[in-house]
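Participant: Structure here, sequence nowhere to be found:
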């Protein structure tokens, strides 16, 4: 294992310190317990709180700021944060309009966020993301896993919360965006957890893991690598089947948001090549790509691979996707 | 070799097609010969033209747009573009205020951009970037290599050109930013060129290449990996020595811009850990970090590793760094 690190125990704290220093105009870092918040807290808006195991950066820490999250609680690598992190963060913020938790569907995260929510006196709701079309039930999950669609939920609900909407409206929109989103990922390599020091799984020189999770969990099948166009054909088919099962019409003229997400070890040039393959597939099927995002947004440490997320747009989702956002790792508009 | 690709010959074109589709509001792609421009050309401003071998994305294609480049000419992977690409792009744009070429110092790029500049009838100047402090003369370079400091040159001169300044002013500012910038990189792994199909160089399980170039060229030394803080100590020392040799005072109260750049195979969490180590070093030396950028901005295909760039700021550079920019892969402000 080769990584830039000092001691494996301090990996996340060293990294968070760098993140907080690099973005000191935007970010407050609390070390005991560990949480990060926007520098300027607006106690009157719905407080958006996310978090989860570290190793998926920029998710969630990179999405704190105007138009997106208020708080992120990072756990150790691939390990859920503990309830004291969420509780301390919320007490620090003293929200007057309630708390919306945005939680990816992993058993540890679900349990710890539930415990936190039972121990706070503030109004609260939870949006549980489970956009991964790959498998039902998995290593750390009952039901479907929450993956890169979470970024879209955080962006869209972030805009609604910023506009002053109430807790129930934020919860309803978050659930809708999650329901409208479907993802699938492919790994070309394993990832390596610093404290483990060796790859999470082994994979042959010519193999891919189709439907991989963002912790290296197994997906649907191990298969021989093939042309990107053919891999993408399978990925698009898996997503469209999922939309079909959810009774969502992806041919809706409102179009889709297409997120091509790198797991971190795959270069941008390959992500754009994947984008092109998806676009060609969708064009043949008369599915309109209305918005796009390409890059490393929900990663799996150093894993080579990529996922595709499609989110079926309507006017409401589109409006909030387009709203300005100013965070360390996602920004547009003013 | 595992990559997302169809045929190696089409790798760059497939990728550029995806890039142009994903950013069709911002980008025009020409395929024969290959060049990309902003969607809307302003013929009255100085035309900023960059380019070079592909494989360093988002450099340069990702930096086209308001406040930054007008044209990028991508070559094959790690191969200079040919003069016809630059000439066709410039004729397409019909600039009325001259052309500024921004060229990284590699012999092939220098030769081909020179040939292009001799064959156009438009006024032109060239800024040659050579910010790599690692080595003097290298596999593909006479003198010092141009690396991630190029992003800062493109951003800062991009802002000046956008403001309507003339060709000479843009050339002078570009040269100043380059002179004020110094970089050094470290590789943990090789990169793999698609057409070669095997790693460019071999490196042991516990080794790093100190001073590596962005094509996997050798740097100063091969050494055993050590704690990130110690690696960073050597990197900072190399940069400060380079500033010293250029007679630049990095303790100037204007401070520095610190760019921690990933080569693409290294996760964001490790880049922030590096940022923290640099910040600790600089704090001890009373060097003030005034601006920061952390991420994959000048990459080397799938190489694991990172570089540090420092740019000594003055009021002029700072003003243009802070100006809004709207490109596919770098954006802030409005």
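Facilitator: Arrived safely. It should be emphasised that the depicted structure is a prediction, and the values quoted were computed from it without experimental measurement. Residues are numbered from 1 along each chain as shown, chains lettered A, B, ... in the order given.
Participant: Would you list the phi and psi of the residue in the stretch 1-150 of chain A that chain B sits nearest to?
Facilitator: Going by CB to the nearest CB, chain B is nearest to residue A:18 of the stretch 1-150 of chain A, at 3.2 Å. Yep, even glycine has a C-beta here, placed from its N, CA and C like the rest. For residue A:18, the backbone dihedrals (degrees, to the nearest 10) come out as phi -60, psi -40.
Participant: How about it, nearest residue that isn't a chain neighbour?
Facilitator: Nearest residue to residue A:18, sequence neighbours excluded (CB to CB, 6 or more residues apart in numbering or on different chains): residue B:276, at 3.2 Å.
Participant: any low-confidence regions in the stretch 151-300 of chain A?
Facilitator: Across the stretch 151-300 of chain A, nothing is flagged by pLDDT under 70.
Participant: Show the residue spans covered by the helices in it.
Facilitator: A:167-179, A:228-245, A:268-284 (DSSP state H, counting those that start in this stretch).
Participant: can I get those in TSV with mean neighbour count and distance to residue B:94?
Facilitator: TSV is the format used below for the helices of the stretch 151-300 of chain A (neighbours: other CB atoms under 10 Å in any protein chain shown; distance: least, CB to CB, whole Å):
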stretch	mean neighbour count	distance to residue B:94
helix A:167-179	20	45
helix A:228-245	18	37
helix A:268-284	23	28
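Participant: Stretch A:322-331 - what's its average pLDDT?
Facilitator: Averaged across stretch A:322-331, pLDDT comes to 96.
Participant: List of residues touching that stretch?
Facilitator: A:19, A:22-23, A:26-27, A:57-58, A:61-69, A:151, A:155, A:158-159, A:162-163, A:291, A:297, A:332-334, B:268, B:295, B:331-332, B:334 (CB atoms under 8 Å, 6 or more residues apart in numbering or on different chains).
Participant: What number of neighbouring residues does residue A:212 come out with?
Facilitator: 31 (other CB atoms under 10 Å in any protein chain shown).
Participant: Excluding covalently adjacent residues, which one is nearest to it?
Facilitator: residue A:187 (3.9 Å).
Participant: Please apply the same query to residue A:319.
Facilitator: residue A:159 (7.7 Å).
Participant: and that neighbour, what is it in contact with?
Facilitator: A:67, A:68, A:319, A:320, A:321, A:323, A:325 are the contacts of residue A:159 under CB under 8 Å, 6+ apart.
Participant: cool, and residue A:75?
Facilitator: A:51, A:52, A:53, A:54, A:81, A:82, A:85.
Participant: Got the confidence number for the residue of the stretch 1-150 of chain A closest to chain B?
Facilitator: Residue A:18 is given a pLDDT of 98.
Participant: Roughly how far does it sit from residue B:204?
Facilitator: In this view, residue A:18 and residue B:204 are 27 Å apart by CB to CB, to the nearest Å.
Participant: same question, residue A:107
Facilitator: 39 Å.
Participant: repeat for residue A:288
Facilitator: 50 Å.
Participant: For these two, indicate the residue with more neighbours.
Facilitator: residue A:288 (15 against 10).
Participant: number of nearby residues for the nearest residue to residue A:289 once chain neighbours are set aside?
Facilitator: Counting by CB to CB, 6+ apart, residue A:258 is the residue found nearest to residue A:289 once chain neighbours are left out, at 4.9 Å. Residue A:258 has 22 neighbours, counted by other CB under 10 Å.
Participant: do the same with residue A:4
Facilitator: Residue A:4 has 29 nearby residues by other CB under 10 Å.
Participant: go on, residue A:202?
Facilitator: 9.
Participant: so how far is residue B:141 from the closest residue to it other than its chain neighbours?
Facilitator: Nearest non-adjacent residue to residue A:202, counting by CB to CB, 6+ apart: residue A:190, 6.8 Å away. The gap separating residue A:190 from residue B:141 is 35 Å, by CB to CB.
Participant: that older thread, what residues does the residue nearest to residue A:202 make contact with?
Facilitator: A:199, A:200, A:201, A:202, A:203, A:216, A:303.
Participant: Could you do residue A:277 as well?
Facilitator: A:228, A:229, A:232, A:233, B:6, B:14, B:18.
Participant: before we move on, what about residue A:96?
Facilitator: A:43, A:44.
Participant: that older thread, could you point out which of the helices of the stretch 151-300 of chain A sits nearest residue A:253?
Facilitator: helix A:268-284 (13.7 Å; CB to CB).
Participant: Pick out the residue in the stretch 151-300 of chain A sitting closest to chain B.
Facilitator: Closest point on the stretch 151-300 of chain A to chain B, by CB to the nearest CB, is residue A:276, at 3.2 Å.
Participant: thought that residue was touching residue B:21?
Facilitator: Yes. Between residue A:276 and residue B:21 there is a contact at 6.4 Å, judged by CB atoms under 8 Å.
Participant: Let me see the domain layout of chain A.
Facilitator: A:9-179, A:181-319 (automatic domain parsing).
Participant: all strands of the stretch 51-200 of chain A, in order?
Facilitator: Ranges of strands within the stretch 51-200 of chain A are A:71-77, A:99-104, A:124-129, A:181-187, based on DSSP state E, counting those that start in this stretch.
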